[in-house]
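Q: fold the following for me, if possible:
(2 chains)
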Amino acid sequence: MKDINDARENPFFRRQELIGLLIFAALILVVFPAFLDTFRLNLVGKYLTYAFVTVGLVICWGYGGILSLGQGIFFGLGGYCMAMFLKLEASSVANTKIQSTPGIPDFMDWNQLTALPWFWKPFHSLPASVIAVIVVPTAFAFVIGAAMFKRRVGGVYFAIITQAVALILSILIVGQQGYTGGINGITDLRTLLGWDIRTDHAKFILYFVNCLLLLGAILLTQYVTKSKLGRILVAMREKEDRVRFSGYSVADFKIFAFCFAAALSAVGGAMFTLQVGFMSPSFVGITPSIEMVIYTAVGGRMSILGSVYGALIVNFAKTTLSESFPELWLFGLGALFIAVVLVIPDGLAGMLSHYIAPYLGKLKPASDAVNGKSPLNQTPAE
Amino acid sequence: MFGDYTLGQLGSIFVMQGFAGLILFSVFLLMALGLAIIFGQMGVINMAHGEFMILGAYMTYLTSKLFEAWAPGLLAGYFFFAMILAFLASAALGALVEWALISRLYKRPLDTMLATWGLSLMLQQVYRSVFGAREVGVDLPPWMLGSWQATDSIEIPINGMFVMALTLLITIGVAILMYKSRWGQQVRAVVQNRVMAGAVGINTERVDRATFALGCGIAGVAGSAFTMVGSTGPTAGQLYIVDSFLVVVFGGAQSLIGTIASAFTISQSRSTLEFFTSGSMAQVATLIGVVIILMIRPQGLFATKVRR
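A: Residues are numbered from 1 along each chain as shown, chains lettered A, B, ... in the order given. As a prediction, the model looks like this:
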């Protein structure tokens, strides 16, 4: 109980949280750009776009206890919204005059489309596209969330439904080649308002934009966890009925957590498209969605920064291992899923706060203070 | 789209698509039966269920190769040995997994999903290393080839009929086991009230392990049957896993009738739609339909009230 009281008295940042955030900011803003070449930096930028998803999952899964196995849906929708704008800009009449219908994306021409479909039209404008990046995935999450949570569907049922939706969306994107670019996705993206995003210089700038957005997302999420809202989410995870009987609308809070995570994922997806230069259904389906959950689990489902490190570490391991030992990687990833769940359910952040923080004297663990429980019974209640 | 066909042709199309749907129904049902037993009994979602099925399929493949090499004379009957072997192998692996993994996670169903997903990735890699990344198929015994000519325009493949008969037998077997045997009574007692079942002397841990092993064993048999109608690759299990989850949830967990009904509905609508549009769009339409119905009626088609 003492810990919970502490948390209430605490300001927006406790000291070690601030130190942690400053170290992280220094790492991504100074250390990485100083020591990595453009290729590697771009790779780190790609990993950091997944961090948007993991930060969202901390709220949705860690705090709210809602496991979504469909975050790829929102990452992908955000990415596709961005890619559609960039693709339209790349398919100007001048660039596509060899096509039978100039001015539409190349894959539409290959699929005998002669006019731009209606839902592509808003993506001629950048402001509309940026709004769509946030609004489309969030609205979609709202529909799913409202339908499920209002009927008190949760737990594994919700996870299965989100997974099914991820499957549906990826099959749909692959199947509707003329409208979506099919299995290859939307490729060959060139410029953003005339600014070539393929140059090293542009990649360097985009990396920093990405980092600043991520830091903003971290601050926003920190604010949510420290607010009364964050405390209600935890209470809801632990004893849903008591929160409901206390007069709170549990469904609304769940919908909020789910939409919040979706919006963050969508920003990550849009930044992914900008930095990597394409978007494809392989980031939408079941496998990427569940992998993003494991990044969060490895880093620590209750720790915002921990989950970001989780995304970085797992992806770094993936790139390194799958370059040299592709067979070992899948095996290692599978083992990682099992090990994290069985051995360190609170992830690296939980390990840090349990084994190392006690030796740091006054510096008390960040994740523990929030709910004041040991890692073993910190898992979401059904 | 109907205009190009005569009434008789349309009838034949529906019968044959219906039959294709029945084969899909058999595969779904065999997979969903195992899942439903495990999910209904323990509330555990086994994401590696598809890989247990593939284990059964590979066991069948191995048996067919062994019979080809050592006992070509008995080739006609190898399938029955293969099925038993598939059941035993999957059930043994299931018991092992329950002991090592699942039993430690009963209080955390969401984490079980992640852990079993990890297990499925590892098993896929094992299959890929042992059997290669390419799909393998078994040679059907001669009596299973060919088809039965019902009328001029209706042809029913024999291997399909065999798979359906097998599904029917296994479903009846499971029903008897669950509703008539003493063990089934214990399982149902544990489902309805775990604490009280333990209090009257049922060893709930052992019931859990046996249930999990049985569910996995049935998945193995499903894999065995699957080799009769399709080829097997390391990742083939994942193709069916979401569908079979939906079958279980759609039918209402804990309900055998519900599982059968929903497997039938989903497979029939998918194969009927498949004729008029592409395969992937038929799958999408069916899945969307199921998801929407589940949003309106989350407890599924046939829900039983359960005290948790």
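Q: what sits against B:Phe131?
A: B:Tyr58, B:Tyr61, B:Pro234 (C-beta atoms under 8 Å, 6 or more residues apart in numbering or on different chains). In short, each C-beta sits where N, CA and C put it, glycine included.
Q: and which of these is nearest chain A?
A: Using C-beta to the nearest C-beta, B:Pro234 is the member of the contacts of B:Phe131 that lies nearest chain A, at 9.9 Å.
Q: ok so, going back, and which of the contacts of B:Phe131 is nearest to A:Ala132?
A: B:Pro234 (38.5 Å; C-beta to C-beta).
Q: pretty sure the closest one belongs to a strand, no?
A: No - using DSSP: H, G, I helix; E, B strand; the rest coil, the assignment for B:Pro234 is coil, not a strand.
Q: now whatever residue of the stretch 201-350 of chain A ends up closest to chain B, nearest residue through space, not along the chain?
A: The nearest approach of the stretch 201-350 of chain A to chain B comes at A:Phe337, 2.4 Å away (C-beta to the nearest C-beta). Distances taken as C-beta to C-beta, 6 or more residues apart in numbering or on different chains put B:Gly118 closest to A:Phe337, at 2.4 Å, once the chain neighbours are dropped.
Q: burial check on the one you found, number of neighbours?
A: Neighbour count of B:Gly118, defined by other C-beta atoms under 10 Å in any protein chain shown: 26.
Q: for A:Ala251, grab the count of nearby residues.
A: 18.
Q: typo on my end, it should be A:Trp61
A: 28.
Q: still on that earlier bit, name the element the residue of the stretch 201-350 of chain A closest to chain B belongs to?
A: Per DSSP states H and E: A:Phe337 is located in helix A:326-342.
Q: please identify the helix or strand for the residue nearest to A:Phe337.
A: Assigned by DSSP H and E, B:Gly118 falls within helix B:109-131.
Q: list just the nearest of the contacts of B:Phe131 to B:Val249.
A: The closest of the contacts of B:Phe131 to B:Val249 turns out to be B:Pro234 (C-beta to C-beta; 26.3 Å).
Q: pretty sure that closest one sits against B:Met122.
A: No - B:Pro234 is beyond contact range of B:Met122, at 11.4 Å (criterion: C-beta atoms under 8 Å).
Q: separation between B:Ala92 and chain A?
A: As for B:Ala92, its distance to chain A is 19 Å (criterion: C-beta to the nearest C-beta, to the nearest Å).
Q: for that residue, which non-adjacent residue is spatially closest?
A: In this structure, B:Ala92 finds its nearest non-sequential neighbour in B:Ala213, 7.4 Å apart by C-beta to C-beta, 6+ apart.
Q: try A:Phe272
A: Nearest-residue entry for A:Phe272: A:Thr49, 4.1 Å, with adjacent residues in sequence omitted and distances by C-beta to C-beta, 6+ apart.
Q: now do the SS call for the one you found.
A: Secondary structure for A:Thr49, judged by three-state DSSP, is helix.
Q: returning to that earlier point: the helix holding B:Gly118 vs helix A:326-342, what angle?
A: Here helix B:109-131 points in a direction 160 degrees away from that of helix A:326-342 (axes from the mean of the first three to the mean of the last three C-alpha atoms, to 10 degrees).
Q: where does the stretch 251-382 of chain A have low pLDDT?
A: Applying pLDDT under 70 to the stretch 251-382 of chain A flags residues A:357-358, A:360-382.
Q: also chain B?
A: B:1-5, B:143-144, B:146, B:149-153, B:253-254, B:303-308.
Q: can you give me the helices in it?
A: B:7-42, B:49-70, B:78-100, B:109-131, B:158-179, B:182-192, B:194-199, B:204-229, B:236-251, B:256-276, B:279-296 (DSSP state H).
Q: so what secondary structure elements neighbour the longest one?
A: Helix B:7-42 makes packing contacts with helix B:49-70, helix B:158-179, helix B:182-192, helix B:204-229, helix B:236-251, helix B:256-276 when contacts are defined by 3 or more C-beta pairs under 8 Å, 6 or more residues apart in numbering or on different chains; DSSP states H and E.
Q: would you format these as a markdown table with mean neighbour count included?
A: Below are the helices and strands packed on helix B:7-42 laid out as a markdown table (neighbours: other C-beta atoms under 10 Å in any protein chain shown):
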| stretch | mean neighbour count |
| --- | --- |
| helix B:49-70 | 23 |
| helix B:158-179 | 16 |
| helix B:182-192 | 17 |
| helix B:204-229 | 25 |
| helix B:236-251 | 25 |
| helix B:256-276 | 21 |
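Q: got the residues of the stretch 201-308 of chain B near chain A?
A: Proximity of the stretch 201-308 of chain B to chain A, by C-beta under 8 Å from any C-beta of the partner chain, involves residues B:238, B:242, B:245-246, B:249, B:278, B:280-281, B:283-284, B:287-288, B:290-291, B:294-295, B:298.
Q: now restrict those to buried residues only.
A: For these, a burial check counting by 16 or more other C-beta atoms under 10 Å in any protein chain shown picks out B:238, B:242, B:245-246, B:249, B:281, B:283-284, B:287, B:290-291, B:294-295, B:298.
Q: residue closest to the middle of chain A?
A: Centroid check for chain A by C-alpha atoms, centre = their mean gives A:Val53 as the closest residue, at 1.2 Å.
Q: just want the angle from the helix holding B:Gly118 to helix B:7-42.
A: Counting by the same axes, to 10 degrees, helix B:109-131 points 120 degrees away from the direction of helix B:7-42.
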